[in-house]
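J.: Next comes the sequence, and after it the predicted model I'd like to discuss.
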Amino acid sequence: MARLLLDGMLGRLCTWCRVLGIDTVFSTTATDTEMLERAKGEDRILVTMDRELVERCAKNKIRCVSIASKKTEEQIAQIIKETGVPIDFPNDMLCPACNGGMKEAIVEDVRGSVPEDAQSKSPRFWKCVSCGKVYWEGSHWRNMLKFYEKVSALL
Ligand SMILES: [Zn+2]
């Protein structure tokens, strides 16, 4: 399964990759050399809009996706096409905040982390196994679903 390392310019893309279930990390502070070493060390595909970094990947035989579009949904569609990584929302969703795995939870498990009205209205809840953040089928959820459909339409 393809895992990604995004360059620091692509923070928004990072969140959405995780939502769609792609194991993704990024750093805003790493130098180009550190990025190349991390991609190699953790066996991640480097994703960047930086031409120079793309050339250094080629020289060092590191897999790389050279992002062409400025639109997030088009960027993800390009990544999926070039790497063959499968997406499945919400079943494969990773925590948008920390890239941790998600587990479906019952309402009793998430009381205190979810607003009252969501507890009664939402049929499904997910909890991140590493940071404990809880997600449910609220308004933000609908945006995620819409985004998933937009990306699927481009594939
Ligand atoms: Zn998390």
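T.: Right, received. Where do you want to start?
J.: Now do the domain split for the chain, please.
T.: 4-83, 102-154 (automatic domain parsing).
J.: touching the ion at all, the last one?
T.: Looking back up the chat, that one is domain 102-154. Yes. Residues of domain 102-154 contacting the ion under C-beta under 5 Å from the ion: C128, C131, K133. C-betas here are computed from N, CA, C, even on glycine.
J.: okay, whichever helix or strand A118 is part of in PDB with CA atoms only?
T.: Assigned by DSSP states H and E, A118 belongs to helix 116-121. Coordinates of the C-alpha atoms in helix 116-121 are reproduced here as PDB (Å, rounded to 0.1, in the frame of the first residue of the first chain):
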ATOM      1  CA  GLU A 116     -25.800  16.400  22.800                       C
ATOM      2  CA  ASP A 117     -27.700  16.800  19.600                       C
ATOM      3  CA  ALA A 118     -25.100  14.800  17.600                       C
ATOM      4  CA  GLN A 119     -25.400  12.000  20.200                       C
ATOM      5  CA  SER A 120     -29.100  11.600  19.400                       C
ATOM      6  CA  LYS A 121     -28.900  12.400  15.700                       C
END
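J.: any idea which helix or strand comes after that helix?
T.: Next along from helix 116-121, by DSSP H and E: strand 125-128.
J.: What strands flank that following strand, and is each parallel or antiparallel?
T.: Sheet pairing of strand 125-128 (DSSP bridges) gives strand 102-105 (antiparallel), strand 134-136 (antiparallel).
J.: mind listing what C128 touches?
T.: C95, A97, C98, G100, G101, M102, V134, Y135 (C-beta atoms under 8 Å, 6 or more residues apart in numbering).
J.: sorry, back to before: out of the domains of the chain, which is the most enclosed?
T.: Of all those, domain 4-83 has the most neighbours on average by mean count of other C-beta atoms under 10 Å, namely a mean of 18.
J.: helices or strands up against the longest helix that the chain contains?
T.: Secondary structure of the chain per DSSP state H: the longest helix is helix 139-154. On a contact count with 3 or more C-beta pairs under 8 Å, 6 or more residues apart in numbering; DSSP states H and E, helix 139-154 meets helix 11-19, helix 72-83.
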